[in-house]
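In: Give me a model of this one.
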Amino acid sequence: LIYDTCDEDHFAADREVDGAWSYDSSTYTLSFIPTTDLEYDSCFQVIIDAATSDLAGNPMSEDYYFYFTTEIEPDLTAPTVSSTSPADGATGVGILVTPSVYFSEGMDETSIETAGAFTVVDSAAAEVSGTWSLEVQDSSHSTLKRAVFTPDAILELDETYTITVTTAVTDDADPANSLI
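Out: A predicted model of the protein is given here:
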């Protein structure tokens, strides 16, 4: 029997999982094939009843129990840019600004710091050198959602800068999802 809903300290039989058992006599392997996919991030208890016997008809000496937990549901949602600071098209921005890009979900720090993941160019398409880092958005969130650009030199007055974020930037899911 396989039951769902259990934890390390207590096994609670909510309902039996429907499926079929299969035995491979060449490998002495008993397998259970559920009729539907098991739910993500759920604990299941397996009970091999003592009445189970070997090929000679000898029963097990006692019931055998074990449990397992299925994987957490994979994150298949690609991250998006949720906002920027300064805002797109802003004028009169101070020359000491450290532009920030805010993402819709937690991001992979390595992808943010990868060369070419971001570009910052001026109106003549000259690349602005600097460093990108990933920071916690604010004290109430522990998720790394804000990429910050620190230019190597003070930005020019009355200059227009364009920041491009590429699909090299990924979220912190496993497997990672690229920016859309």
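In: rest of the way, CA atoms for contacts and neighbours
Out: Will do.
In: Can you list the strands that the helix or strand where Phe44 lies pairs with?
Out: Here Phe44 sits within strand 43-48, counting by DSSP states H and E. Under the criterion DSSP bridges, strand 43-48 sits next to strand 2-4 (antiparallel), strand 64-69 (antiparallel) in its sheet.
In: Just the buried residues of that strand, please?
Out: By neighbour count on 16 or more other Cα atoms under 10 Å, the buried set for strand 43-48 is 43-46.
In: Can you show me the helices along this structure?
Out: 109-112 (DSSP state H).
In: Point out where it drops to low pLDDT.
Out: 1-14, 137-142 (pLDDT under 70).
In: I am assuming Ser111 contacts Thr166, so please confirm or correct that.
Out: No - in this structure Ser111 lies outside contact range of Thr166 using Cα atoms under 8 Å: 10.1 Å.
In: list residues touching both of the two?
Out: Counting by Cα atoms under 8 Å, 6 or more residues apart in numbering, the residues touching both Ser111 and Thr166 are Ala117.
In: Neighbour count: the two, which is higher?
Out: Legend: neighbour count by other Cα atoms under 10 Å for Ser111 and Thr166, higher for Ser111 (21 against 15).
In: From Arg146, how far off is the more buried one?
Out: Per Cα to Cα, to the nearest Å, Ser111 is found 13 Å from Arg146.
In: Count the residues that sit near the nearest residue to Pro74 once chain neighbours are set aside.
Out: Nearest non-adjacent residue to Pro74, counting by Cα to Cα, 6 or more residues apart in numbering: Asp174, 7.0 Å away. By other Cα under 10 Å, the residues close to Asp174 number 9.
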